[in-house]
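Visitor: Need a 3D model of the following:
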Amino acid sequence: MTLELGPDDKRMKLRYAGSCRLCGRAHGAGAEAIYERARKAIRCVECDKTAVEAPPVEVVGGEAGASARREYERRRDAREQRIRGEHPKLGGLILALSDDPQSTKAWERGAVGEELMAKRTSTTSR
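Guide: Now for the predicted structure:
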């Protein structure tokens, strides 16, 4: 089975080096590959020939806001590790005196909003 070319996919010789989004193999400029405009990614011609259709994904109910909470914690922890790594002696002070970036705060705020909305919905639906 081969993956079908989407309306924005194009088989071409690459102008720039890149890596296949399916197997991760690096391809240099001039290599033949399929460019997926929508994803701004490439895939190997070989991967395209040997592609297997992905099994259906089972959707499991979870807690509202859980994925946003995980993303917030991931970003917060990565920032903390980066600052402590770059400034071993002053890292704790820097973290204590500075706020998280706005993008990180937005993930936390989104998680809180989803959690509150789920609580309101569950109490009004009874």
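Visitor: Low-confidence ranges, this protein, go.
Guide: 1-4, 6, 48-61, 125-126 (pLDDT under 70).
Visitor: Mind doing that once more with 80?
Guide: 1-8, 47-62, 122-126 (pLDDT under 80).
Visitor: Where do the helices of it begin and end?
Guide: Remark: helices assigned in the chain by DSSP state H are 45-50, 66-86, 91-97, 102-124.
Visitor: packing partners for the third one?
Guide: The reference is to helix 91-97. On a contact count with 3 or more C-beta pairs under 8 Å, 6 or more residues apart in numbering; DSSP states H and E, helix 91-97 meets helix 66-86. To be clear about C-beta, it is placed using only N, CA and C from the backbone, and glycine gets the same treatment.
Visitor: Now mean neighbour count and distance to Gly24 too, for the helices of the chain, in JSON lines please.
Guide: Below are the helices of the chain laid out as JSON lines (neighbours: other C-beta atoms under 10 Å; distance: least, C-beta to C-beta, whole Å):
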{"stretch": "helix 45-50", "mean neighbour count": "15", "distance to Gly24": "10"}
{"stretch": "helix 66-86", "mean neighbour count": "14", "distance to Gly24": "22"}
{"stretch": "helix 91-97", "mean neighbour count": "12", "distance to Gly24": "33"}
{"stretch": "helix 102-124", "mean neighbour count": "13", "distance to Gly24": "27"}
